[in-house]
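Peer 1: I would like the atomic coordinates for the input below:
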Amino acid sequence: MYFDATCPFAWVTSRWLKEVEKVRDIDLSYSPMSLAVLNEGRDELPEDYRKSMEAAWGPALVAAALQINDPSKVDAYYTAIGTLIHNKGEGHKQGAGAYDPLIAAALSEAGADASYLEYAHKRGSEDGSVEADLRTFQDKAMEKVGNDVGTPVVELGGHAFFGPVITRVPKGEEAGALFDAAVTLGSYEHFFELKRSRTEDPDAAI
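Peer 2: Numbers count the residues shown, from 1 in each chain. A predicted model of the protein is given here:
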């Protein structure tokens, strides 16, 4: 699954996959993507949202640095920072560096070196930089799923798609049944889209 830690939709999907791990034999891994990269150049977006994208760089850059240098910590980092942002009400930050305290706490919880916080401020897209790495992960996700999508991107058995977008976390066999359905749809070569209007916001606590 490709994630941006600040995205509530990705968070709910990621927690669903954690539940699926308990009832299905799956090999689950997370890789960063970036809402900030995805929304670059979209001047029509509200200013508050653009400031949110400035803040979103930090957690994503740190995730990219971990993915390159210490990939075994990515899952735990995402779980730790996602819990703070989405389950403990620490989200909706705006402006560069706004997530620094949460990143520091998440790195500690994940058992990752505290120095990774420095990557939150290492912008610059030249080859070999952490931003270039993040953009590479973003490109990988987009190559797998196509354009005009957001987070999350989930790859199942070699087929990737945007979503599933869910607003609550199913548990137990319900989580497994939803996964089975997603695999069935996703594995059909000619399946592309299933969508309806959303009437509620995501809530991982329910």
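
Peer 1: give me phi/psi at the closest residue to residue 120 other than its chain neighbours?
Peer 2: Leaving aside its chain neighbours, residue 120 sits nearest to residue 58 (3.7 Å; criterion: C-beta to C-beta, 6 or more residues apart in numbering). Glycine gets a C-beta too; all of them are placed from N, C-alpha and C. Backbone torsions for residue 58, taken as degrees, to the nearest 10, come to phi -60, psi -60.

Peer 1: elements contacting the helix or strand of the chain at the bottom of the mean pLDDT ranking?
Peer 2: In the chain, no helix or strand scores lower on mean pLDDT, DSSP states H and E than strand 159-162, which sits at a mean of 89. Under the contact definition 3 or more C-beta pairs under 8 Å, 6 or more residues apart in numbering; DSSP states H and E, strand 159-162 sits against helix 130-145, strand 153-156, helix 172-187.

Peer 1: and the shortest one, how far out from the chain middle?
Peer 2: What separates the centre of strand 153-156 from the centre of its chain is 11 Å, taken as C-alpha atoms, centre = their mean, to the nearest Å.

Peer 1: and the contacts of that strand?
Peer 2: For strand 153-156, contacts defined as C-beta atoms under 8 Å, 6 or more residues apart in numbering pick out 1-2, 13, 17, 33, 141, 144-145, 160-164, 182-183, 186-187.

Peer 1: check which helices and strands the strand or helix carrying residue 101 sits against.
Peer 2: Using DSSP states H and E, residue 101 sits in helix 100-110. With contacts taken as 3+ C-beta pairs under 8 Å, 6+ apart, helix 100-110 sits against helix 47-69, helix 74-82.

Peer 1: gap between the longest one and the chain center?
Peer 2: Mean C-alpha position of helix 47-69 versus that of the full chain (C-alpha atoms, centre = their mean) differs by 10 Å.

Peer 1: check stretch 6-26 too.
Peer 2: For stretch 6-26, the separation from the chain centroid amounts to 11 Å (computed by C-alpha atoms, centre = their mean).

Peer 1: avg pLDDT for that stretch?
Peer 2: The average pLDDT within stretch 6-26 is 96.

Peer 1: for that stretch, list every residue counted as buried.
Peer 2: In terms of neighbour count (16 or more other C-beta atoms under 10 Å), stretch 6-26 has its buried residues at 6-17, 19-20, 24.
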